[in-house]
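J.: quick one: sequence and predicted model below, then my questions.
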Number of protein chains: 2
Amino acid sequence: MKRRLLLVSNSTLHGSGYLDHCQQHISHFFGKDVKRVLFVPYALHDRHAYTKTARDKFKTLGYEVDGIHEASDPVDAVRKAEGIFIGGGNTFRLLKSLYDNKVVTEIRRRVLEDGVPYMGSSAGTNVATVSINTTNDMPIVYPPSFSAIGLVPFNINPHYLDPDPSSRHMGESREQRIIQYHEEPDTPCVLGLREGSMLLVEGDKATLLGTTKARLFTRGKSSAEYDPGTDLSFLLTHAH
Amino acid sequence: MKRRLLLVSNSTLHGSGYLDHCQQHISHFFGKDVKRVLFVPYALHDRHAYTKTARDKFKTLGYEVDGIHEASDPVDAVRKAEGIFIGGGNTFRLLKSLYDNKVVTEIRRRVLEDGVPYMGSSAGTNVATVSINTTNDMPIVYPPSFSAIGLVPFNINPHYLDPDPSSRHMGESREQRIIQYHEEPDTPCVLGLREGSMLLVEGDKATLLGTTKARLFTRGKSSAEYDPGTDLSFLLTHAH
């Protein structure tokens, strides 16, 4: 399988600028062959401003950016893309727009069959997985399904957050929410990517990158912590 | 309109037991005429254990509790209920179960036409409103719609949380999420009920109760803060 993915937990790390914390990984990921990246700004309301933000950042890394909303035919834009980057924002809005614009199937085909490199951050990472069932976002719109692009056979929880022992707030912790997800039948495992971490997938090899550990939740098992640099290729087999 | 609602932000306040912080309001709300309360435990996986928790608490207040899942016909159980209490948990799971059990319409009819008192807490408060678009919960299951029971013409965000200025986490604040909701067309206003607060609705009168302020978000306007005791009846007119 030609699949190449860079799935980033968060676009901006506290104290740094947009995509600064992962810019070296981005350059290495898209490499020298990709000249233009197709940016999907559907997760935010102001697609024009969002594309400018991405374009300005990618320019400094040597890449041109085309906004998918600027194309007269979004499916054709995916068909011609050299690389794809789906940005963060609201995951429900993003997935609904991907369906509304009929690009879900074409993105999957281009990435899995043609080997077009796919980068996602936050919501763009969520939609690369089996489903958006483990997003943190508010369900501000109703997508036709929670099933996502399905580039990997598991789910991700971006911005994974440990419980704050000093908090007096009684809302569920992130861990409790994911455990509730696993109370439902036939639910895939969930990789909790803390801010600062990302997953690189190259074919059947998956590696945890970045500066923070990740926590893996598997239905019916104890959760496990993994350090940056760990080989997580076992996640790509369908048994997980 | 006979409508009587007690919409509580949270079931348990930090440092106290289940429903302790609102027990006097519960007693006053159901009063002496109601002897048995129909409890809807659909938001949690273990309906039996959850019903026991509610039953034990309501017993101390002088009410018997029937679990709707114990009835052979849930619609008939709603039809015969003297009072209804929908508990918290996962809002998506709750709303899906309400639809699966075909009780949404019957609960609406009983509350709005027959004046059966309805208490909700957390997820049970969310489903009493226009839609679950402003829940905080993880979308662990896919309901057939986000439209909810619609006992009031606005939405609520329970467990409303102010931003923590010391946090280094980059996920959206609650306020940012609700503002993103209002970027969508034709969205109703959202009452952010902090933990410790609740809304009492009696016919066309709405009053904020409890110990914390509430924040109201209206599409295209600045948000506003209201103290406990404030008359919020204007929220019940369809202009809001």
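T.: Alright, I've got the coordinates.
J.: so how far is whichever helix in chain A runs longest from its chain's centroid?
T.: Using DSSP state H, we find that the single longest helix of chain A is helix A:47-60. Distance of helix A:47-60 from its chain centroid, counting by Cα atoms, centre = their mean, to the nearest Å, is 18 Å.
J.: who touches it?
T.: Applying Cβ atoms under 8 Å, 6 or more residues apart in numbering or on different chains, the external contacts of helix A:47-60 come out as A:17-19, A:23, A:26, A:37, A:39, A:41, A:44, A:64-65, A:67, A:69-70, A:85, A:87, A:89. Any C-beta I mention is one placed from the backbone N, CA and C, and that applies to glycine too.
J.: which residue sits closest to the residue located most distally from the centre of chain A in space, ignoring its chain neighbours?
T.: In chain A, the greatest distance from the average C-alpha position (Cα atoms, centre = their mean) is reached by residue A:168, at 30.9 Å. Once flanking residues are discounted, residue A:168 sits nearest to residue B:14: 4.0 Å by Cβ to Cβ, 6 or more residues apart in numbering or on different chains.
J.: residue closest to the middle of chain A?
T.: Central residue of chain A (Cα atoms, centre = their mean): residue A:125, 0.7 Å from the mean position.
J.: wait, what's in contact with the closest residue to that residue other than its chain neighbours?
T.: Nearest non-adjacent residue to residue A:125, counting by Cβ to Cβ, 6+ apart: residue A:7, 4.3 Å away. By Cβ under 8 Å, 6+ apart, the residues touching residue A:7 are A:119-120, A:125, A:128, A:152, A:156, A:193, A:198-201.
J.: same question, residue A:17
T.: Going by Cβ under 8 Å, 6+ apart, residue A:17 touches residue A:57.
J.: rewinding a little: confirm that the residue nearest to residue A:168 sits in a helix.
T.: No - according to DSSP: H, G, I helix; E, B strand; the rest coil, residue B:14 belongs to no helix; its state is coil.
J.: and the pLDDT at the residue farthest from the centre of chain A?
T.: If you check residue A:168, the pLDDT there is 84.
J.: against residue A:128, how distant is it?
T.: Distance from residue A:168 to residue A:128, counting by Cβ to Cβ, to the nearest Å: 36 Å.
J.: same check, this time on residue A:28
T.: On the measure of Cβ to Cβ, residue A:28 and residue A:128 end up 19 Å apart.
J.: show me where chain A has helices.
T.: A:23-30, A:47-60, A:74-80, A:91-100, A:104-112, A:123-126, A:174-182.
J.: near chain B, which residues of chain A are found?
T.: Residues of chain A lying close to chain B by Cβ under 8 Å from any Cβ of the partner chain are A:10-15, A:45, A:89-90, A:92-93, A:132-142, A:145-146, A:159, A:161, A:168-172, A:177-178, A:180-181, A:183-184, A:187, A:195.
J.: right, and residue A:190 touches residue A:156 too?
T.: Yes - counting by Cβ atoms under 8 Å, residue A:190 touches residue A:156, with 6.9 Å between them.
J.: what's the burial count for the residue nearest to residue A:21 when sequence neighbours are not counted?
T.: Nearest residue to residue A:21, sequence neighbours excluded (Cβ to Cβ, 6+ apart): residue A:13, at 4.0 Å. For residue A:13, the neighbour count with other Cβ atoms under 10 Å in any protein chain shown is 20.
J.: do you know the pLDDT at the nearest residue to residue A:213 once chain neighbours are set aside?
T.: Among residues not flanking residue A:213 along the chain, residue A:225 sits closest, at 5.2 Å (Cβ to Cβ, 6+ apart). Per-residue confidence (pLDDT) for residue A:225: 98.
J.: partners of residue A:225 in the sheet?
T.: Taking DSSP bridges as the rule, residue A:225 bridges to residue A:215.
J.: tell me, how many residues neighbour it?
T.: 10.
J.: equivalent analysis for the one 3 residues further on, please.
T.: Burial of residue A:228, expressed as a neighbour count using other Cβ under 10 Å, amounts to 15.
J.: let me see the contact set for it.
T.: Residues counted as contacts of residue A:228 (Cβ under 8 Å, 6+ apart) are A:197, A:208-213.
J.: buried sites along stretch A:50-58?
T.: Within stretch A:50-58, the residues that qualify as buried are A:50-51, A:53-55, A:57-58, counting by 16 or more other Cβ atoms under 10 Å in any protein chain shown.
J.: closest to residue B:107 out of those residues?
T.: Each of the buried residues of stretch A:50-58 was checked against residue B:107 using Cβ to Cβ; the closest is residue A:50, at 40.8 Å.
J.: I'd like to know how far the closest one sits from residue A:21.
T.: Distance of residue A:50 to residue A:21, given as Cβ to Cβ: 19 Å.
J.: and if you look at residue A:160?
T.: To residue A:21, residue A:160 is 15 Å away according to Cβ to Cβ.
J.: now do the contacts for the nearest residue to residue A:227 once chain neighbours are set aside.
T.: Spatial nearest neighbour of residue A:227, chain neighbours left out: residue A:213 (5.6 Å); criterion: Cβ to Cβ, 6+ apart. Neighbouring residues of residue A:213 by Cβ under 8 Å, 6+ apart: A:194, A:197, A:225-228.
J.: what's the spacing between residue A:213 and residue B:170?
T.: Relative to residue B:170, residue A:213 is positioned 17 Å away (Cβ to Cβ).
J.: need phi/psi at the residue nearest to residue A:227.
T.: According to degrees, to the nearest 10, the main-chain angles of residue A:213 amount to phi -80, psi 160.
J.: could you check the pLDDT of it?
T.: On pLDDT, residue A:213 comes in at 97.
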